[in-house]
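Chemist: got a sequence here, can you build the structure:
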Amino acid sequence: MNEGEEIIRVAAKGDGITASGRHAPLAAPGDLLRDDGSLVPGPHHARPPCRHFPECGGCQLQHLDEETLAGFVRDRVVHAAEGQGLAPEILAPVHLSPPRTRRRATLRAINGGGRPLIGFHAEKSHRVIDMRECHVLAPELFALVEPLRRMLGHRRGKYAMSIELALTDQGVDCAISGLELDGLQQTEAMLEFCREQKLARLMLDQGFGPEAFWEPEPVTVTLSGVAVGFPSGAFLQATRDGEAALAHAAREWLAGAEKVADLFSGLGTFAFALSDATSVLAAEAARDAHLACKMAAVRTGKPVEAAHRDLFRNPVRTEELRGFDGVVLDPPRAGARDQIEQIAGSGVSRVVYISCNPSSWARDAVVLKDAGYRLAELRPVGQFRWSTHVELASLFVR
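Modeler: Below you'll find the model as predicted:
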């Protein structure tokens, strides 16, 4: 009698796979996939901690134990590299962010038959899961869900809102789109909500673009000891420990460099991490983030020169890079094809490439390889715990 096949690995989208290529959702390596499609849990199959799993789209991998979860992150990164003929000289251990450390998230809120539903979308659906617990959000963010639910409970009629939350130095920064305040009573009630919840800021988009409704003091995030103004919606690494791991890699790999270019620099996550020992050019296209970085550098006297520059339309050219000892870049998911070509031709000796997309990173890495760079080290990072989304830090040298 055929008892079935063993799950040998977890694919990029989270399904378990057997040696023959059969797929099974919610399967872990070591599970037995029977002929009828049922699963017999194996030694790496964990009990999901959250009642909403697997319905909620916020997590796909809560059924994996810690060892297997780290292995998934590692394999995603390594397979992307191997697919382009890249082999790191050093493959570092995986950094996994702990539960309840996510400091930014976007939730949805709708009127679900007379009561507000707030949470993430269901997996592969626009249906909203009414969040009653969450094992990835920082406690400060999750603590706002029930007060938001009570506040929206007084509203009638159809609504659909987006709620962006970020944890800042002053507390929770909240931005709501699709919430209209009708009259003085609703406005005063919202002001009282902000006071009671001690919000750092509330941005409201009532159909005419986001406007600051509540901001008792300037909102900042601290990056490597530097308080940087935080524009609403600005990019922020998902967890503090993940940011620290990536910044540590950049500092370690670029130690001794006198002048570094930080490309796609955002608020200055890597620029300020390097600035104690290095002069940094920080190039960023988003105007608000660029200005926040510039003002923080001026205020603190850090050797960071902030440049407002769209690196997709106007990459830093080969000849401009020749005076630099190193480059660090952290582009969006699309990667940095044109900018990498300029870096490859510059002769800069060290390139630190941070990526949230192993596929676009591997494509760009081939350009560096073909220009004579070696992939000296690769560090997989799992900031988005229990998600199929992975990140990495890499060092190229020549």
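
Chemist: quick check: buried residues in stretch 262-269?
Modeler: Of the residues in stretch 262-269, 262-269 count as buried by neighbour count, 16 or more other C-beta atoms under 10 Å. Just so you know, the C-beta spots here come from the backbone N, C-alpha and C atoms, and that holds for glycine as well.

Chemist: cool, stretch 94-110 as well?
Modeler: By neighbour count with 16+ other C-beta under 10 Å, stretch 94-110 contains the buried residues 94-97, 100-105, 107-110.

Chemist: could you look up the SS state of Leu69?
Modeler: Secondary structure state of Leu69, per DSSP: H, G, I helix; E, B strand; the rest coil, is helix.

Chemist: how close does the residue positioned nearest the centre of the chain get to Ala257?
Modeler: The residue lying closest to the centre of the chain (C-alpha atoms, centre = their mean) is Ala238, at 4.3 Å. Using C-beta to C-beta, to the nearest Å, one gets 27 Å for the distance from Ala238 to Ala257.

Chemist: average pLDDT for the helix or strand hosting Gln185?
Modeler: Gln185 belongs to helix 183-197 when assigned by DSSP states H and E. Mean pLDDT, helix 183-197: 96.

Chemist: return the distance of the following helix or strand past it from the chain's centre.
Modeler: Going down the chain from helix 183-197, the next helix or strand is strand 201-205, by DSSP H and E. With C-alpha atoms, centre = their mean, to the nearest Å as the basis, strand 201-205 stands 22 Å off its chain's centre.

Chemist: returning to what we had before: just to check, the residue nearest to the centre of the chain is in contact with Thr106?
Modeler: No - Ala238 is beyond contact range of Thr106, at 11.8 Å (criterion: C-beta atoms under 8 Å).

Chemist: give me the pLDDT for the closest residue to the residue nearest to the centre of the chain other than its chain neighbours.
Modeler: Counting by C-beta to C-beta, 6 or more residues apart in numbering, Ala238 lies nearest to Gln383, which is 4.2 Å off, once chain neighbours are set aside. What the model reports for Gln383 is a pLDDT of 98.

Chemist: show me what contacts Gln383?
Modeler: Contacts for Gln383 were tallied using C-beta atoms under 8 Å, 6 or more residues apart in numbering; they are 97, 102, 237-239, 242, 391.

Chemist: nearest to Val304, of these?
Modeler: When these are ranked by distance to Val304 (C-beta to C-beta), Gln237 comes first, at 17.9 Å.

Chemist: can you tell me how far the closest one is from Leu246?
Modeler: Distance from Gln237 to Leu246, counting by C-beta to C-beta: 7 Å.

Chemist: overlap in contacts of the two?
Modeler: Between them, Gln237 and Leu246 share the contacting residues Thr269, judged by C-beta under 8 Å, 6+ apart.

Chemist: now do the helices in the stretch 251-398 of the chain.
Modeler: For the stretch 251-398 of the chain, applying DSSP state H, counting those that start in this stretch gives helices covering 269-274, 287-300, 318-321, 337-344, 358-370.
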